[in-house]
Each structure stands twice: as structure tokens, then as C-alpha cells.
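# Got a predicted structure here, sequence first:
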Amino acid sequence: MTQTSSHHSIGFHFSSDLSYLTLKGAGRHIIDSHDYSWDNRNRSGDYCLVQCCIGGEGALEMKGISYSLLPGDVFLIAIPGESRYYLPAHAQYWDAPYLEFSKECLPLLRKIYGSIGPVIHLTQESGLIDRMLSIYDRALHHDFETFFENSKTAYTFWMDITAYALSCYHREITKIDHAKAYIDQNYCAENLTLDLVASHAGLSKFYMCKEFHKKYGISPGQYIKELRISQACRLLVTNSDYTIQEIAHMVGYSNDNYFGKVFRASKGLPPDAFRKQSNHYDFMRTVYETQIKSDLG
């Protein structure tokens with residue numbers, strides 16, 4: 001792999017042993033060689049990459065799906081992972097600022113995948129492209145003098161890009177979004193099938209599965225399973241009066257033995273053990289993504 005670059009890359013070494021989200025590296029490359037190609041399946045390291053296109057064109061392949069990267073587009077991926085990014089044959093160059101983050105950002109990465117997928121178009125009004133360039137410039141001029149300043153910058157960036165991705169999701173409702181919303185509302189139904197979801201969205205099952213995976217980075221069948229297990233975890237922790245069998249039925253499993261097998265495969269322990277290890281507080285408070293306003297007063 002070769003590349004032409006008039007810019008630089010900067011890495012960070014930390015003396016702290018705290019497990020906080022951090023900026024591990026930053027850089028900017030102007031790529032004009034078609035030998036430029038990163039296959040991430042066997043790459044070393046354990047981090048997340050956010051790479052933008054501010055000129056020319058790039059390309060990303062992820063789990064068999066291809067994405068064109070035009071000015072304003074940014075992709076977010078975990079490394080190593082099932083992805084590859086490269087300069088496409090028809091493109092003359094790719095001006096690509098990038099930021100590398102520690103694996104503590106993975107939950108936010110998955111949140112973004114669940115709403116809009118691995119590629120986001122950043123408008124100029126969002127300020128996020130300017131933010132990426134500013135972080136690169138600060139890294140280049142050694143402006144991150146402490147571990148905490150580095151971590152603060154990393155957290156702020158991820159909070160802002162996650163909020164932006166979620167706002168994009170709410171602005172761009174498609175038939176695939178309707179399919180996901182139908183699953184979100186009916187995951188507890190024991191008769192929920194992909195045929196039923198596709199029919200509700202007005203799509204063929206094949207097309208729905210393909211586009212659902214393309215947008216959310218997960219198959220609809222796997223999404224249903226993960227949603228059911230997630231809701232089961234919530235019920236196990238917050239409702240001690242419910243039996244395992246009752247919770248199984250509440251999240252869409254008619255057979256509590258099968259529910260136990262699925263739960264254990266996902267969480268590494270059976271539902272009753274999960275409940276016991278989680279129940280060590282006197283009170284449990286539910287924290288929501290957005291504030292719920294009271295109608296009282």
C-alpha cells in the first residue's frame with residue numbers, strides 16, 4: 001500500500017491506567033494512489049476509526065455492503081472488523097482527515113449503527129467536520145497536555161456525533177425505519193416473524209433484510225433477538241416479582257427453556273444468575289436518554 005500525503009499523523013501514548021474514552025491518534029492524508037486499501041479483518045490494534053471525506057471520493061465496504069464517501073461523508077468503524085476502505089478506481093484523490101479512539105467508544109458506535117448505520121453525512125452547520133480538523137490541528141501542535149484534556153475532547157466529540165446521528169435518524173424516516181419501529185413496538189409478540197415485519201413495511205422480506213442490514217449494521221432477526229434479551233435484562237433487574245417464565249413470555253418467547261438458552265448464549269449466564277448478580281442495590285433508578293417531563297405542577 002502506498003499513498004501521497006501533504007499532511008501528518010499523530011499518535012498518543014498515555015501514562016495513566018484509567019479506562020476512559022481517549023483519542024489515540026489523529027491525521028489527515030490526501031490519497032492519490034489506488035494502492036491505498038485497508039482490509040480491517042486482520043489488522044492489529046483495538047480501536048475505533050472515524051474517517052471523513054472533505055474532497056475527492058473514498059469508499060467503504062462493510063459486511064458485503066459498499067458505501068461511496070463523498071465530501072461531507074464520514075464513516076465510523078471498529079478495528080479489527082469486517083470492513084475495508086480504499087480509494088475507488090474512478091476517483092482521482094481522497095482528502096481524508098481521521099481520528100482514532102479507544103474501544104470505550106464501542107457502545108456509542110453501536111448506538112449510531114442502530115440508528116443510521118456506519119456512514120453519516122455531516123452538514124456544514126453541524127460543525128463536526130470543522131471539529132475533526134480542529135482536533136487534528138490541536139494534536140499536531142501538542143495542545144493535549146494532559147490525559148484528562150484528551151479524554152474530555154474524545155467524550156465531547158462522541159457525544160456530539162452520536163446526538164447528530166440520532167437527529168438524522170428522526171429526520172429521515174423510510175420504510176426500513178417503519179420496519180424497525182414495528183419491531184420495537186411488537187418484539188414481545190410470540191408470533192412476530194420477518195414476513196410480518198416486511199408486510200407491515202410494504203417490502204419484500206429479501207429486500208427488507210438487505211436494506212435493514214445496510215442501514216443498521218445488523219440483520220432484522222438478530223436485532224429482534226438482541227432487543228428481546230435487552231428488555232429481559234431490564235425486567236430481571238427492575239421487577240423481582242416476575243418469574244423467569246413470565247419474563248420469557250413478556251419478551252416474546254413462548255418456551256422459557258428456549259428463552260434460557262438464548263439468554264445464556266447472549267449474556268454468558270442463565271437469567272436467574274443474571275438477576276442475582278445485578279440485585280445488590282437497595283434502590284434502582286431508571287435513567288432515560290431524554291428527560292421525561294412531569295405533568296404535575
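The structure has been received and is ready for your questions.

# residues touching the residue nearest to residue 86 when sequence neighbours are not counted, list them.
Nearest non-adjacent residue to residue 86, counting by Cβ to Cβ, 6 or more residues apart in numbering: residue 37, 3.8 Å away. Every C-beta, even on glycine, is put in place using the N, C-alpha and C of the backbone. Taking Cβ atoms under 8 Å, 6 or more residues apart in numbering as the contact definition, residue 37 lies against 1, 84-87.

# With secondary structure, neighbour count and pLDDT added, can I get the residues you listed in CSV?
Below are the contacts of residue 37 laid out as CSV (DSSP: H, G, I helix; E, B strand; the rest coil; neighbours: other Cβ atoms under 10 Å; pLDDT from 0 to 100):
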residue, secondary structure, neighbour count, pLDDT
1, coil, 9, 37
84, strand, 16, 94
85, strand, 23, 96
86, strand, 19, 96
87, coil, 22, 96
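
# Can you convert these into JSON lines and add a column each for distance to residue 186?
Shown next, in JSON lines, are the contacts of residue 37 (distance: Cβ to Cβ, whole Å):
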{"residue": "1", "distance to residue 186": "47"}
{"residue": "84", "distance to residue 186": "36"}
{"residue": "85", "distance to residue 186": "36"}
{"residue": "86", "distance to residue 186": "40"}
{"residue": "87", "distance to residue 186": "44"}
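
# now, which of those sits nearest residue 223?
Compare each of the contacts of residue 37 with residue 223 using Cβ to Cβ and the shortest gap goes to residue 84, at 23.9 Å.

# quick one: that closest one and residue 61 touch, right?
Yes. Here residue 84 lies in contact with residue 61, judged by Cβ atoms under 8 Å, at a distance of 4.7 Å.

# where do the helices sit along the stretch 101-250 of the chain?
Counting by DSSP state H, counting those that start in this stretch, the stretch 101-250 of the chain has helices at residues 106-115, 128-140, 147-171, 175-186, 194-201, 205-216, 220-238, 244-250.

# Which secondary structure elements does the first one sit against?
Just to be clear, that refers to helix 106-115. Counting contacts by 3 or more Cβ pairs under 8 Å, 6 or more residues apart in numbering; DSSP states H and E, the secondary-structure elements packed against helix 106-115 are strand 73-79, helix 147-171, helix 205-216.

# make it 10 Å
Judged by 3 or more Cβ pairs under 10 Å, 6 or more residues apart in numbering; DSSP states H and E, helix 106-115 is in contact with strand 47-52, strand 73-79, helix 147-171, helix 175-186, helix 205-216, helix 220-238.

# Flag every buried residue along the fourth one.
Think helix 175-186. When burial is assessed from 16 or more other Cβ atoms under 10 Å, helix 175-186 yields the following buried residues: 176-177, 179-180, 182-183.

# quick one, it and helix 220-238 angle?
For helix 175-186 and helix 220-238, the angle between their directions (axes from the mean of the first three to the mean of the last three Cα atoms, to 10 degrees) works out to 30 degrees.

# Could I get the average pLDDT for helix 175-186?
Model confidence over helix 175-186, given as mean pLDDT, is 90.

# Which other helices and strands does it contact?
Applying 3+ Cβ pairs under 10 Å, 6+ apart, one finds that helix 175-186 contacts helix 106-115, helix 147-171, helix 194-201, helix 205-216, helix 220-238.
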